[in-house]
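*Asks:* quick one, structure for this:
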Amino acid sequence: MKIYQLHKKQKLPISVEKAWSFLSNPENLKTITPDYMCFDILSGFDRPMYPGQIIQYIVTPILGIKTKWVTEITHVKDLHYFVDEQRFGPYALWHHKHFIKAIDGGVEMEDIIDYKVPMGWLGQLVHPFIVKPKLEEIFAHRQKKLIELFGEY
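*Replies:* As a prediction, the model looks like this:
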């Protein structure tokens, strides 16, 4: 069983409060997700983030195939971090930690995603050619959109 990790950091010239307000609001995921993914939140975004919150989405990650993705917010420390874990969706495992910390002139945001692809050895075979490049592309898009929204550090 191979578990992969994606680790990204980004600095933005905004306050921790502003970063937290944006990142902890599930409705803003659509803004920072590539349009081709047809990201649509179905439920679970009607309250401020809390542990145990279930959020349901529809995404189209590859080949125009619509996929339901259900995540649970498992940990929240206001203004510091939150964790979402997939309960149902395209991955065999998805554990995403979001950290925010104050730095001189802004914030540093850090994402650490531990994930496992489905379909055993076949999934591992396509990981370097499909899954990993797609995740890199999605997070590059997020970084670009956040700079457009908040400026460059």
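*Asks:* before we move on, what SS does the one residue sitting closest to the centre of the chain have?
*Replies:* Geometric centre of the chain, nearest residue: His96, 6.6 Å, by Cα atoms, centre = their mean. Counting by DSSP: H, G, I helix; E, B strand; the rest coil, the backbone at His96 sits in strand.
*Asks:* distance check, it against Leu63.
*Replies:* 23 Å (Cβ to Cβ, to the nearest Å). For glycine as for every other residue, the C-beta is placed from the backbone atoms N, C-alpha and C.
*Asks:* equivalent analysis for Ile130, please.
*Replies:* 10 Å.
*Asks:* so which of the two has more stuff around it?
*Replies:* Using other Cβ atoms under 10 Å as the criterion, Ile130 and Leu63 rank with Ile130 on top: 15 against 6.
*Asks:* what number of residues are in the vicinity of the closest residue to the more buried one other than its chain neighbours?
*Replies:* In space, and not counting its chain neighbours, Ile130 is closest to Ile62: 6.8 Å by Cβ to Cβ, 6 or more residues apart in numbering. Using other Cβ under 10 Å, Ile62 is surrounded by 13 other residues.
*Asks:* where does Ile62 sit, in terms of helix or strand?
*Replies:* Taking DSSP states H and E as the definition, one finds Ile62 inside no helix or strand.
*Asks:* and the pLDDT for it?
*Replies:* Ile62 carries a pLDDT value of 75.
*Asks:* in this protein, what helix or strand scores lowest on average pLDDT?
*Replies:* helix 120-126 (a mean of 90; mean pLDDT, DSSP states H and E).
*Asks:* contacts made by that helix with the rest, please.
*Replies:* Outside helix 120-126, the residues that touch it by Cβ atoms under 8 Å, 6 or more residues apart in numbering are Lys2, Ala92, Val117, Val131.
*Asks:* stretch 54-64 too?
*Replies:* Applying Cβ under 8 Å, 6+ apart, the contact partners of stretch 54-64 are 26, 29, 33, 36-45, 66-73, 84, 87, 90, 130, 134.
*Asks:* all set now, cheers.
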